[in-house]
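1. need a 3D model of the following:
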Amino acid sequence: MGISEEKTALRSITSARIATMSDEERRRKSDDLCRKILALLPPGTFEICGYMPMGDEADILPILHEALRRKCALYLPRYAKNTLAFHAVSSLEEELHPGHAGIREPHPHLPPLDPASLRFALVPGRAFDLAGHRVGRGKGAYDAWIARQRAANPLTQFLGIAFGCQIFPQVPEDAHDQRMDRVIASDD
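-> Prediction:
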C-alpha cells in the first residue's frame, strides 16, 4: 500500500472513530482539549491563527472567543483555489460568511495576516502521531500554508488539534507534509 492509500485508510478509520462518539462525549472531549490549549497559551495578547471547526472536529470555539476577549489578534482561514489565506477577525458573529464546504470564513476585505507577527497556529487534521506528523483532508492547503509561514517566520508554533482517537503510533509522511511543533489531544 502506498502513502496515499495509507492516508486514505487513516482518514476512514478516524471518521469511524469520531462517529462512535456521542454528542455529550464530543462536547466533553472538546472542553478538555480547550483547557489544555488555554494552559499552553501565554497570558496577555498575542497573534494566533485558528479555524472554524467542522462538525467532526473538536469544538475550539471557546478558544477563539477567549482570544477575542483578551484582545488577541485572531486570524481565520479563507479558502480560494485550494489555497489558504488568513484574515483578522474581531467578531465570530459579524465578520464571517459561508465559504468553502459551508465553513464560515472571514470576509475578503478584512486585514490579511502579517506572517512576521504570528506566534501560534492551531491546525486541524484527520490523524496525527506524537512526533508531530499530520494527515489532513487530502488537499494539501494547510501543508502549503505552513511551509510558507515557516519560511516567513520560523518562530511560529504550529499546534495540531485532535481528539485522542485521532492519535496513531505513526502516520505516513510525504515530502511536502509539514510536522506540527506539538500535538494537543483530548484524553480518551
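2. low-confidence regions, this protein specifically.
-> Nowhere does the chain drop to pLDDT under 70.
3. contact partners for the residue most central in space within it?
-> Centroid check for the chain by CA atoms, centre = their mean gives V123 as the closest residue, at 2.2 Å. Contacts were defined as CB atoms under 8 Å, 6 or more residues apart in numbering; by that measure V123 touches Y51, R134, Y142, I146, F158, L159, G160, I161, M180. All C-beta atoms are positioned from the backbone trio N, CA, C, and that covers glycine.
4. which SS class is the residue nearest to R70 when sequence neighbours are not counted?
-> Distance criterion CB to CB, 6 or more residues apart in numbering; nearest residue to R70, sequence neighbours excluded, is T45 at 5.9 Å. Here T45 is recorded as coil under DSSP: H, G, I helix; E, B strand; the rest coil.
5. A88 now?
-> Once three-state DSSP is applied, A88 turns out strand.
6. which one is it nearest to, not counting chain neighbours?
-> P111 is the one closest to A88 (CB to CB, 6+ apart), at 4.4 Å.
7. same question, L96
-> R104 is the one closest to L96 (CB to CB, 6+ apart), at 3.9 Å.
8. hmm, the one you found is touching H97, no?
-> Yes. Using CB atoms under 8 Å, R104 is in contact with H97, at 6.7 Å.
9. and the two? Which one has more around it.
-> Per other CB atoms under 10 Å, whichever of R104 and H97 has more neighbours is R104, with 14 against 11.
10. just checking, the residue nearest to A88 touches H87?
-> Yes. Counting by CB under 8 Å, P111 touches H87, with 6.5 Å between them.
11. looking at those two, which is more packed in?
-> H87 (20 against 13).
12. which ones are touching that one?
-> Applying CB under 8 Å, 6+ apart, the residues near H87 are Y75, L76, R78, P106, H107, P108, L110, P111, P112, L113.
13. 10 Å instead?
-> 74-78, 95-96, 105-113 (CB atoms under 10 Å, 6 or more residues apart in numbering).
14. and the helices in the protein?
-> Secondary structure of the chain (DSSP state H): helices at 3-19, 23-40, 61-69, 141-152.
15. turn those helices into JSON lines, including distance to P172.
-> Converted to JSON lines, the helices of the chain look like this (distance: least, CB to CB, whole Å):
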{"stretch": "helix 3-19", "distance to P172": "4"}
{"stretch": "helix 23-40", "distance to P172": "24"}
{"stretch": "helix 61-69", "distance to P172": "29"}
{"stretch": "helix 141-152", "distance to P172": "13"}
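16. kindly reformat these as TSV containing distance to C165 and mean neighbour count.
-> Formatted as TSV, the helices of the chain follow (distance: least, CB to CB, whole Å; neighbours: other CB atoms under 10 Å):
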stretch	distance to C165	mean neighbour count
helix 3-19	4	15
helix 23-40	9	15
helix 61-69	20	17
helix 141-152	20	16
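17. quick one: closest of these to T83.
-> Ranking the helices of the chain by proximity to T83 (CB to CB) places helix 141-152 first, at 6.2 Å.
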